[in-house]
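Peer 1: what follows is a predicted structure for the sequence shown.
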Amino acid sequence: MQQVIVIGGGVVGLTSAWWLLEAGYKVTLVDRASDVASGASHGNGGQLSYRYVSPLADAGVPLKAIQWLFQEHGPLRFKPETVLRQWTWLASFLGQCTAAANRRTTAKLLELGELSRTGMQQLGAIISPDEFDWRDAGKLVVYRSSKIFEQAAGKATAGEIWTGAECAAREPSLAAARSLLAGGIYNAGEAVADCYAFCVALAERVRAHPRFAGFVHAEVRGLAVAGGRVTGLDTSIGALGADAYVLAAGIQSRALAEYAGIRLPLYPLKGYSLTAPIRPTDTGPQISVTDFERKVLYARIGNKLRVAAMVDMVGEDLTLDPKRVGSLTRQVQETMPHAADYSQVTAWAGLRPATPNSAPIVGATPLANLWLNVGHGPLGFTFAAGTAQLLTSLMQGKAPPFALEMLALRR
């Protein structure tokens, strides 16, 4: 029985471990934290957007980004770094900012989204939706600009087109913003859930699997390489070895891959989220809502409102910036003033490991026994089940269900 070490205890690492276990591998899961999902999986937006994907890179984005930088409450912040990798990533990102590149990436992510959706249905056989507050809520993308709304509606290939009045009528939490909305596009079938609770539930199933070799809570300090293979891990508790290794450690995968001479095109896009309790008297959203221009999403997760937003390019800085938290809180209270108890808000920040074209990296590396499942950006929860299936198929030597040229390390 082949032994595999999966590095990373977030949603991507856990789903990878599960599918590998089911495929007959003996799996050890290594993570530096004492609890699962302590990084980007912990407080994310909770949306499972299988049919609505929007790569960050697109025509017009560079101009918009410049405008956002000069807006007090804009969705983007940028802090120049002296390291070359920030500028290399930006150059690659700008190269993807064309309508044609966006269409290609979107098409591939839709295929991946469908695979992920069926994968989550399979996991429904072992994890009850109640365990992680899963809701088939549908997703409503609202637009404030009439021009942008008309353009989006004209390009929409699925979903229902709603006027601003219809958005507020069908989702009463938007009533206060009715006069500010030009319209929206609603897609049924999109879901919301608690990613952290999902990880906890899946970790329990992983622990109970007969082929699971255990969780190792240790920091990986390096990869030993010889003869075109990884020969072991140097960790804070000593050396660990296996037949194969999977990097699924979010942005930490970037530094670990460098030990193997591999440069991953990843950059940490810092995002914030707010969580507030929904009282019986509150009008929390029933539909998952994305405010397109402000890049803010709203989701009811159980009896809580989860709000996620912002893209801060500030390196690996997890500090909660009070100005950014305050700005997001004010925007939320303006848009949905009666949705939750904002006096009880808790804030969180996470580093979303993004590739220049928003497509994750799944599959082989130049080293024969080192595999990748990284670069999911803000869509780790959405795509985790799909990339875990692809990874497992590739490690078994099986043909994937669709072409992976846009998901490979060399693309």
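Peer 2: Nice, I can see it. Residues are numbered from 1 along each chain as shown.
Peer 1: which helix of the chain spans the most residues?
Peer 2: Using DSSP state H to define each element, the chain has its longest helix at helix 99-123.
Peer 1: mind listing what's buried along it?
Peer 2: Going by neighbour count (16 or more other C-beta atoms under 10 Å), the buried part of helix 99-123 is 101-102, 104-106, 108-113, 115-117, 119-120, 123. C-betas here are computed from N, CA, C, even on glycine.
Peer 1: residue ranges of the strands in the stretch 201-350 of the chain, please?
Peer 2: Secondary structure of the stretch 201-350 of the chain (DSSP state E, counting those that start in this stretch): strands located at 212-217, 220-226, 229-235, 238-240, 244-247, 267-277, 288-291, 296-301, 304-313, 346-354.
Peer 1: pLDDT averaged over the first one - what is it?
Peer 2: Right, the one you point to is strand 212-217. Here strand 212-217 scores 97 as its mean pLDDT.
Peer 1: Gly284 against Thr275, yeah?
Peer 2: No. With contacts counted by C-beta atoms under 8 Å, Gly284 stays clear of Thr275, the gap being 11.9 Å.
Peer 1: of these two, give the one with the bigger neighbour count.
Peer 2: Set Gly284 next to Thr275 and count neighbours by other C-beta atoms under 10 Å: Gly284 wins out with 22 against 18.
Peer 1: list the contacts for the closest residue in space to the more buried one that isn't next to it in sequence?
Peer 2: Once flanking residues are discounted, Gly284 sits nearest to Ile278: 3.9 Å by C-beta to C-beta, 6 or more residues apart in numbering. Counting by C-beta atoms under 8 Å, 6 or more residues apart in numbering, Ile278 makes contact with 284, 300, 303-305, 339-341.
Peer 1: now for Gly284 and Thr275: what residues contact both?
Peer 2: Listed contacts common to Gly284 and Thr275 are Leu305; contacts here mean C-beta under 8 Å, 6+ apart.
Peer 1: distance of Ala37 relative to Gly250?
Peer 2: The gap separating Ala37 from Gly250 is 11 Å, by C-beta to C-beta, to the nearest Å.
Peer 1: who touches both of these two?
Peer 2: When contacts are counted by C-beta under 8 Å, 6+ apart, Ala37 and Gly250 have Gly10 as shared neighbours.
Peer 1: can you list the buried residues in stretch 403-411?
Peer 2: Using 16+ other C-beta under 10 Å as the test for burial, stretch 403-411 gives 404, 406-409.
Peer 1: wait, Leu394 touches Gly363, no?
Peer 2: Yes. Contact criterion C-beta under 8 Å: Leu394 and Gly363 qualify, at 5.0 Å.
Peer 1: what do these two both touch?
Peer 2: Residues touching both Leu394 and Gly363 (C-beta under 8 Å, 6+ apart) are 371, 404.
Peer 1: in terms of secondary structure, what does the longest helix of the chain contact?
Peer 2: Applying 3 or more C-beta pairs under 8 Å, 6 or more residues apart in numbering; DSSP states H and E, we find helix 99-123 packed against helix 380-395.
Peer 1: now do the helix it packs on: which elements does it pack against?
Peer 2: In terms of contacts (3+ C-beta pairs under 8 Å, 6+ apart), helix 380-395 is packed against helix 11-22, strand 47-48, helix 99-123, helix 195-208, strand 361-364, strand 370-374.
Peer 1: need the CA coordinates for that helix. CSV is fine.
Peer 2: Provided in CSV are the C-alpha atoms of helix 380-395 (Å, rounded to 0.1, in the frame of the first residue of the first chain):
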residue,chain,number,x,y,z
GLY,A,380,-10.9,26.9,-2.0
PHE,A,381,-14.2,25.7,-0.4
THR,A,382,-15.9,25.8,-3.8
PHE,A,383,-13.3,23.8,-5.7
ALA,A,384,-11.8,21.6,-3.0
ALA,A,385,-13.9,18.5,-3.8
GLY,A,386,-13.1,18.8,-7.5
THR,A,387,-9.4,19.3,-7.3
ALA,A,388,-9.1,16.4,-4.8
GLN,A,389,-10.7,14.1,-7.3
LEU,A,390,-8.4,15.4,-10.1
LEU,A,391,-5.4,15.0,-7.9
THR,A,392,-6.3,11.4,-7.0
SER,A,393,-7.0,10.4,-10.6
LEU,A,394,-3.6,11.8,-11.7
MET,A,395,-1.7,10.1,-8.9
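Peer 1: which residue is the nearest non-sequential neighbour of Pro75?
Peer 2: Nearest residue to Pro75, sequence neighbours excluded (C-beta to C-beta, 6+ apart): Lys295, at 3.9 Å.
Peer 1: for that neighbour, give me its contacts.
Peer 2: The contact partners of Lys295, taken as C-beta under 8 Å, 6+ apart, are 75, 309-311.
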